[in-house]
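[1] Fold the following, please.
(one chain, ligands or ions: 1)
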Amino acid sequence: MTVDVWDAHAAQRLAGEPPRRLPPPGRMEWTQRSGIGPGAEILGDDLAGRRIVELGCGPGHNTAYLASLGAVAVGIDSSRGQIHRATAHYGYTGAEFACSTASAHLSHDRRRLDAVVSVFGAIGLAEPFKLLYACSRSLNRHGVLAFSVPHPQRTGAVPVNPRTREQLILPDGTSAVVKRWDAAPAAWVRALNRSGLLVTGVHHLCAPADARRPTTLLITARKP
Ligand SMILES: C[S@@+](CC[C@H](N)C(=O)[O-])C[C@H]1O[C@@H](n2cnc3c(N)ncnc32)[C@H](O)[C@@H]1O
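    Presented below is the predicted three-dimensional model:
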């Protein structure tokens with residue numbers, strides 16, 4: 001089960017690196033390398049006071065960065081271990097962290113959001129239609145959804161069936177299988193439109209910058 005994989009990942013990281021306060025990063029990162037592609041400006045010009053939720057925040061660095069800009073930033077993760085790491089590292093920044101699945105959080109917390117983000121997080125780790133619909137319902141008018149997923153063409157061809165399984169190497173060197181929704185950009189655009197959002201950007205990012213193929217698909221959409 002996917003949650004167990006991320007709990008195992010968190011437990012191994014915690015064993016090797018006892019939790020301590022970390023400074024938030026200097027920018028919002030949508031890829032797994034630093035300094036590639038746009039930053040938080042795709043969420044709006046001034047994020048101070050904006051209510052933003054990150055779905056699948058992992059160790060919490062991007063949520064902490066958004067809090068450092070003055071946003072009311074909440075990181076959600078279904079793994080207790082990841083939330084333990086995020087709180088230990090960045091709880092002091094004012095960022096909030098909570099253990100929940102993305103769908104449960106969006107359906108229980110009815111406060112409207114200015115932005116929803118996911119960085120290789122909950123969006124893309126399961127069939128996305130219900131979750132995109134929940135994001136759309138949670139957003140304020142003109143609110144922004146921005147998410148990045150592994151680029152479907154990273155290995156050459158877009159998978160014929162978007163339900164894929166990927167091998168994840170855990171910190172201790174063992175491997176685990178992660179289920180993914182590996183859809184083509186046009187399929188993401190259709191799913192976003194069906195959930196009531198207008199797509200405002202589709203970015204094909206290479207991380208590292210000299211990669212032969214795009215590695216990260218970053219999509220932004222807006223609630224009309
Ligand atoms: C690849 S990690 C990315 C973590 C972080 N966003 C980053 O950039 O380092 C995926 C994270 O999504 C979380 N996750 C997976 N499915 C989820 C769901 N349905 N709801 C909330 N979190 C989820 C996992 O527990 C894991 O921490």
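
[2] Tell me the helices and strands packed up against the strand ranked longest in the chain.
    As assigned by DSSP state E, the longest strand anywhere in the chain is strand 139-150. Using 3 or more C-beta pairs under 8 Å, 6 or more residues apart in numbering; DSSP states H and E, the elements in contact with strand 139-150 are strand 113-119, helix 129-138, strand 175-181, strand 216-222. The C-beta positions use only the backbone N, C-alpha and C, and glycine is treated the same way.

[3] how about it against the ligand, any contact?
    No: Strand 139-150 lies out of reach of the ligand by C-beta under 6 Å from any ligand atom, never closer than 8.3 Å.

[4] Need the residues that contact that strand.
    Strand 139-150 is contacted by residues 30-31, 42-44, 55, 112-121, 123-124, 132, 135-136, 166, 180-182, 192, 197, 200, 205, 215-224 when judged by C-beta atoms under 8 Å, 6 or more residues apart in numbering.

[5] angle of that strand against strand 113-119?
    For strand 139-150 against strand 113-119, the angle by axes from the mean of the first three to the mean of the last three C-alpha atoms, to 10 degrees is 10 degrees.

[6] What strands flank strand 139-150, and is each parallel or antiparallel?
    Partner strands and pairing direction for strand 139-150 (DSSP bridges) are strand 113-119 (parallel), strand 216-222 (antiparallel).

[7] Those: which one's closest to the ligand?
    strand 113-119 (4.0 Å; C-beta to the nearest ligand atom).

[8] out of the strands paired with strand 139-150, deepest packed?
    strand 113-119 (a mean of 26; mean count of other C-beta atoms under 10 Å).

[9] That strand - what's its average pLDDT?
    The pLDDT scores in strand 113-119 average 98.

[10] for stretch 155-165, same thing?
    90.

[11] Check which residues of it are buried.
    Val158, Pro162 (16 or more other C-beta atoms under 10 Å).
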